[in-house]
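> turn this into a model:
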Amino acid sequence: MSNNRTLLLKLFLLSLSLFNGILAATPGCGKTPTLKNGINTLTVNSKTRQWTLALPANYNNTNPYRLIFGVHWLGGSMNDVAVGNSIQPYYGLRSLANESTIFVAPDGLNKGWGNQGGEDIQFIRQILEATNADLCINEKLRFSVGFSYGAAMSHSIACTLSSDFRGVAAISGGSLSGCVGGKEPVAYYGLHGLSDNVLPIAGGRALRDVFVRNNGCAASPAPAEVSSGSKSHSLSKFEGCKEGYPVWWSSFDSGHSPVPADGGGDSRDRTWTPKAVWEFFSQFQ
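Presented below is the predicted three-dimensional model:
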């Protein structure tokens, strides 16, 4: 009798696991994609908006994939993120993902993310609707990463679309794209240079602290930061955060850059940021 109960329990746990997997999968699972592996367009508030899609090689429409948005900086474009101008493609995450992830690079209006009247958030929402309907995505594993204005937009995404995104990483960001909502927990990783004279580090700390509060993390002691002249970076993980909603913070001895390198200077090939952000995103399974 006990063996039967054990078998029934195993079957129940297996069915529960499968059920949870089904709940996390988008309606696009099982469909042949119609979205282009490349540039796609949407109409948002009567404006034509573009975004780039990068599917994994040998995309499998029965496998719910992680989805990562790479958001460009002021003066940049979706092509800069997708191809890797000044940075490695998709902030260096595409190579680290090893074909396990779907990537999206949206294109901002006027090469930025002013988000007037929430139009950029609406753009992100419509990309989500399009990818949900057409592609096999794990709804619990959506993320956004950006530098500068792209970091500000990623923060805005975390504020307004907390039910759709698992986490964001904001490199050298500031309060530029708004924070409508901003009351729910989202996993958050802020990275900022000590000598940033474009968007000072105090602004990056303020963005971070929204999610220190939302995620129930302990605000003290203050996270350790590197010292000027160290030519290095730090990593602090806040304590006491709600289960599944960590907040990480990295300071680095450099200025306004998405590719700071230990030892000094900026380098798309020597920077530590891709591995750090990938570690943060990939902890969620």
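> just the helices from the stretch 151-285 of the chain, written as ranges.
Using DSSP state H, counting those that start in this stretch, the helices of the stretch 151-285 of the chain run over 201-214, 273-282.
> output the contacting helices and strands for the last one.
Same thing as helix 273-282. helix 93-97, strand 137-147, strand 167-171, strand 187-193 (3 or more C-beta pairs under 8 Å, 6 or more residues apart in numbering; DSSP states H and E). For the C-beta atoms, the positions are set from N, CA and C on the backbone; glycine is no exception.
> most tightly surrounded among the ones you listed?
strand 167-171 (a mean of 30; mean count of other C-beta atoms under 10 Å).
> mind listing what it pairs with, with the direction of each?
Partners of strand 167-171 in the sheet, by DSSP bridges, are strand 137-147 (parallel), strand 187-193 (parallel).
> which one is F252 nearest to, not counting chain neighbours?
Residue nearest to F252 in three dimensions, not counting chain neighbours: H233, with 3.9 Å by C-beta to C-beta, 6 or more residues apart in numbering.
> residues near the one you found, how many?
By the criterion of other C-beta atoms under 10 Å, H233 has 22 neighbours.
> pretty sure it sits against S257.
No: using C-beta atoms under 8 Å, H233 is not in contact with S257, being 11.4 Å away.
> and the residue lying closest to G173 once chain neighbours are set aside, how many neighbours does it have?
Among residues not flanking G173 along the chain, A151 sits closest, at 2.8 Å (C-beta to C-beta, 6+ apart). A count of nearby residues for A151, using other C-beta under 10 Å, gives 32.
> quick one: contacts for A151?
Contact analysis of A151 by C-beta atoms under 8 Å, 6 or more residues apart in numbering lists V71, A169, A170, I171, S172, G173, G174, G204, L207.
> and L141, how far is that from S154?
16 Å (C-beta to C-beta, to the nearest Å).
> would you map the helices across the stretch 1-150 of the chain?
Under the criterion DSSP H, counting those that start in this stretch, helices of the stretch 1-150 of the chain are mapped to 2-24, 78-79, 93-97, 119-134, 149-160.
> could you tell me the least trusted of the ones you listed?
Least confident of the helices of the stretch 1-150 of the chain, judged by mean pLDDT, is helix 2-24 with a mean of 46.
> list the residues that contact W248.
Residues in contact with W248 (C-beta under 8 Å, 6+ apart) are Y188, Y189, G190, L235, S236, K237, F238, F280.
> most widely separated two among the residues you listed?
Farthest pair in those (C-beta to C-beta) is Y188 and L235. Separation: 13.7 Å.
> thinking again about what came up before, I'd like the strands paired with strand 167-171 laid out as a markdown table, including distance to G30 and mean pLDDT.
Shown next, in a markdown table, are those (distance: least, C-beta to C-beta, whole Å; pLDDT from 0 to 100):
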| stretch | distance to G30 | mean pLDDT |
| --- | --- | --- |
| strand 137-147 | 12 | 98 |
| strand 187-193 | 29 | 98 |
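> from what I can see L235 touches K275, true?
No: under the criterion of C-beta under 8 Å, L235 makes no contact with K275, lying 11.0 Å away.
> looking at these two, which is more packed in?
Neighbour count, other C-beta under 10 Å: between L235 and K275, L235 has more, with 17 against 12.
> bridging residues for the nearest residue to that one once chain neighbours are set aside?
Counting by C-beta to C-beta, 6+ apart, S250 is the residue found nearest to L235 once chain neighbours are left out, at 5.1 Å. S250 forms beta bridges with L191, as assigned by DSSP bridges.
> can you give me the pLDDT of S250?
For S250, the pLDDT comes out at 98.
> ok, it to I201 distance?
S250 is 11 Å from I201, by C-beta to C-beta.
> between those two, tell me which one has more neighbours.
A direct count of neighbours by other C-beta under 10 Å for S250 and I201 places S250 higher, at 25 against 18.
> show me the contacts for A206.
Contacts for A206 (C-beta under 8 Å, 6+ apart) come out as S175.
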